[in-house]
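Engineer: quick one, structure for this:
(2 chains)
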Amino acid sequence: MLNPLRSEQEAFRFLIYVAAVFLVIIAVVLVARAF
Amino acid sequence: MESASIAAGAPTAEHDHHGPPEANQSSRVEAQFLGMLLFIISEIMLFGAFFTAYFFIRVVADDGWFPMDGNELPKLIAGVNTAILISSSFTMHWALEGARNENRAALRTGMLTTLLLGATFLSVQINEYVHVGFAPADSAQGTIFYGLTGLHGAHVFIGLTLLTFATIRAYRGHFTPKEHRGVEVPGIYWHFVDAMWIVVYTTIYIL
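Structural biologist: Okay, here's the model as predicted:
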């Protein structure tokens, strides 16, 4: 299981996941606003 | 009298020990990990309090969120600033990989680049405050804008302080493939600060 407090590598992976999730949220919001 | 002479003549382990008693350590949880866990939990609660205020204002404020009173939040500049901060996490990761693989050039260049990118982020944010056109006292929206971004900016400043020490130590050759905790811990903190900015940017500027 991913634990961002265990090592820098896992913290970095966690950051990538957060960025990906929020990128999707931003895309959905922008698309929803466009229509 | 007798007990005093016994104590003076036969020193025990307790009497040999100087300074405060050694801290109790759980055998299951590593002390450094527990410290970082408690710290991050307290940070999440702190940011959570600010986000609560933000969402409360978004729901109850009659005049809505920005743009308001002719002031627009600089989404594009903040977006570029977000890219700068996220790229600093990549250079941080690169630096630590350098430490793990005994690549000192990568470690030093990575740490210095991370430091410069973080400083750039902070200076752009300060410049944004100068030109944004409203003050914290102007409205509740302005208060929470400065509150949330300022709280995050303070964390970036702390991260930069940690990175400065780690960079100096990297140039002095303090880190080895086996012992590089001085880079690893600031790295974890820096990734946390970056992840928190993604949340702050999305809620403040985009939503």
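Engineer: so who does B:Phe47 touch?
Structural biologist: B:Phe47 makes contact with B:Leu148, B:Leu151, B:Met196, B:Val199, according to Cβ atoms under 8 Å, 6 or more residues apart in numbering or on different chains. All C-beta spots, glycine's among them, are computed from the backbone N, C-alpha and C.
Engineer: quick check: next helix or strand after whichever strand or helix holds the first one?
Structural biologist: In this structure, B:Leu148 sits in helix B:140-171 according to DSSP states H and E. Following the chain from helix B:140-171 toward its C-terminal end, the next helix or strand by DSSP H and E is helix B:181-201.
Engineer: for the residue nearest the centre of chain A, helix, strand, or coil?
Structural biologist: The centroid of chain A falls nearest to A:Val18 when counting by Cα atoms, centre = their mean (2.1 Å). Using DSSP: H, G, I helix; E, B strand; the rest coil, the structure places A:Val18 in helix.
Engineer: what residues are up against the closest residue to it other than its chain neighbours?
Structural biologist: Of all residues not flanking A:Val18 in the chain, B:Ala195 sits nearest, at 4.5 Å (Cβ to Cβ, 6 or more residues apart in numbering or on different chains). Applying Cβ under 8 Å, 6+ apart to B:Ala195 gives the contacts A:Phe14, A:Leu15, A:Val18, A:Ala19.
Engineer: is it true that the last one touches B:Met196?
Structural biologist: Read that as A:Ala19. No: at 11.9 Å, A:Ala19 does not count as touching B:Met196 under the criterion of Cβ atoms under 8 Å.
Engineer: more neighbours: which of the two?
Structural biologist: A count of neighbours by other Cβ atoms under 10 Å in any protein chain shown puts B:Met196 above the other of A:Ala19 and B:Met196, at 20 against 16.
Engineer: what parts of chain A come near chain B?
Structural biologist: Residues of chain A lying close to chain B by Cβ under 8 Å from any Cβ of the partner chain are A:4-9, A:11-12, A:14-15, A:18-19, A:22, A:25-26, A:29-30.
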